[in-house]
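J.: sequence-free structure coming up:
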Ligand SMILES: [Zn+2]
């Protein structure tokens, strides 16, 4: 990083930065987004750069994009963009495919402008009649040119992060194994990575709460796309049981996944350095609404789960008693649970 150039966040900081998808409406990326990140203790952020339920491609304001990029770099906060939900390259509608290309291109370019390390896109569904094979051919036709455009942006272009969905209907990717064909359709391009959503994976039948469940899922992911492709985790608990194919996020530790699998996930070599972003309920409908309170609790809990287990610390010379006292003595958790 030369002193003359505006700094950009360095890729994959030590262990796991933990943060949230943050709102940006109102005072924008810095005024709303980073202020929210500060309030909830986020070490990493994800933002929308367009209405997630629409096709609009707002130009944004170059001065705000630049200010956000510099502020994230100064704070050491890796940033991510989530592309709109309507994008589906497996659609049977040429208009939808065209809009999907324009929408994803927009998220990639704005992502580059704000210094994002990755742009998350849902892998979509095969609705085009020819089944999975035909849909993946469409993915190839539509997305490979976008990856060429990313290459042209240079070394600081964001990665394209494929997010498997909960497995409703004709999802192109829900099980980790499904990612192999999708990555293959994109020629295993070097800027294609994976965003693992724990709620989606659980819904698709990866039972993270079962003994060995986390490792089995990560092994399947690595087998499908190879090592080093997992670039982001959406850390969400689930309101529904494993294999329910329902996409209903719950606060960490309050759902059917529970807290322990997140400790395992945070300690696994396959997630080393990978940021964790929560997309959990923010409590805006709670009677005692305090903005961001639930997100702050989720982030605090994940940060504690990121610490070495008391037993491991005892081995390292610390005492198990001190370790558990530190956890039990943290104010606010009993009331939060
Ligand atoms: Zn997600």
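T.: The structure has been received and is ready for your questions. Everything numeric here is computed off the predicted structure, so don't read it as measured data.
J.: Does residue 163 touch residue 236 like I think?
T.: No. Using CB atoms under 8 Å, residue 163 is not in contact with residue 236, being 11.5 Å away. No exception for glycine: its C-beta is placed from N, CA and C like everyone else's.
J.: between those two, what contacts are shared?
T.: residue 197 (CB atoms under 8 Å, 6 or more residues apart in numbering).
J.: Which one's more surrounded, those two?
T.: residue 236 (27 against 18; other CB atoms under 10 Å).
J.: who are the neighbours in contact with whichever residue of the stretch 51-200 of the chain sits closest to the ion?
T.: Residue nearest to the ion within the stretch 51-200 of the chain (CB to the ion): residue 197, separated by 3.7 Å. Taking CB under 8 Å, 6+ apart, we find residue 197 in contact with 163-164, 233-234, 236, 279.
J.: and what of residue 183?
T.: The contact partners of residue 183, taken as CB under 8 Å, 6+ apart, are 162, 192, 224-225, 229.
J.: That one falls within a helix, correct?
T.: Yes. Judged by DSSP: H, G, I helix; E, B strand; the rest coil, residue 183 forms part of a helix.
J.: any idea how far it is from residue 145?
T.: Look at residue 183 and residue 145: by CB to CB, to the nearest Å, they are 17 Å apart.
J.: Over to residue 286?
T.: Residue 286 is 45 Å from residue 145, by CB to CB.
J.: Show me where the stretch 151-300 of the chain dips below the pLDDT cut-off.
T.: 288 (pLDDT under 70).
J.: At which residues are the helices of it located?
T.: For the stretch 151-300 of the chain, the helices defined by DSSP state H, counting those that start in this stretch occupy 179-185, 198-203, 213-225, 260-267, 293-306.
J.: Which residues of this structure lie near the ion?
T.: 197, 234 (CB under 5 Å from the ion).
J.: which residues does the residue nearest the centre of the chain bridge with?
T.: By CA atoms, centre = their mean, the mean C-alpha position of the chain lies nearest to residue 234, the distance being 3.8 Å. Using DSSP bridges, the beta-bridge partners of residue 234 come out as residue 197, residue 277.
J.: didn't residue 275 look like it was pressed against residue 76?
T.: No. Assessed by CB under 8 Å, residue 275 is found out of contact with residue 76, at 11.3 Å.
J.: So for those two, which sits in the more crowded spot?
T.: Per other CB under 10 Å, whichever of residue 275 and residue 76 has more neighbours is residue 275, with 26 against 13.
J.: what about that one, distance to residue 129?
T.: Taken as CB to CB, the span from residue 275 to residue 129 is 38 Å.
J.: same thing with residue 262?
T.: Distance from residue 262 to residue 129, by CB to CB: 40 Å.
J.: just to revisit the earlier point, okay but the residue nearest to the centre of the chain is in contact with residue 165, surely?
T.: No. In this structure residue 234 lies outside contact range of residue 165 using CB under 8 Å: 11.3 Å.
J.: Between the two, which contacts overlap?
T.: Common neighbours of residue 234 and residue 165 (CB under 8 Å, 6+ apart) are residue 200.
J.: one step back: of residue 262 and residue 129, which one has the most company?
T.: residue 262 (26 against 8).
J.: Stretch 154-167: which residues count as buried?
T.: 157-167 (16 or more other CB atoms under 10 Å).
J.: Among the residues you listed, which one sits closest to residue 98?
T.: When the buried residues of stretch 154-167 are ranked by distance to residue 98 (CB to CB), residue 160 comes first, at 18.3 Å.
J.: which ones are touching the closest one?
T.: If you count contacts by CB under 8 Å, 6+ apart, residue 160 has them with 108, 118-119, 121, 143, 146-147, 150, 189, 191-193.
J.: and with 10 Å instead?
T.: 83, 104, 107-108, 111, 118-121, 143, 146-147, 150, 186, 189, 191-193, 195, 231 (CB atoms under 10 Å, 6 or more residues apart in numbering).
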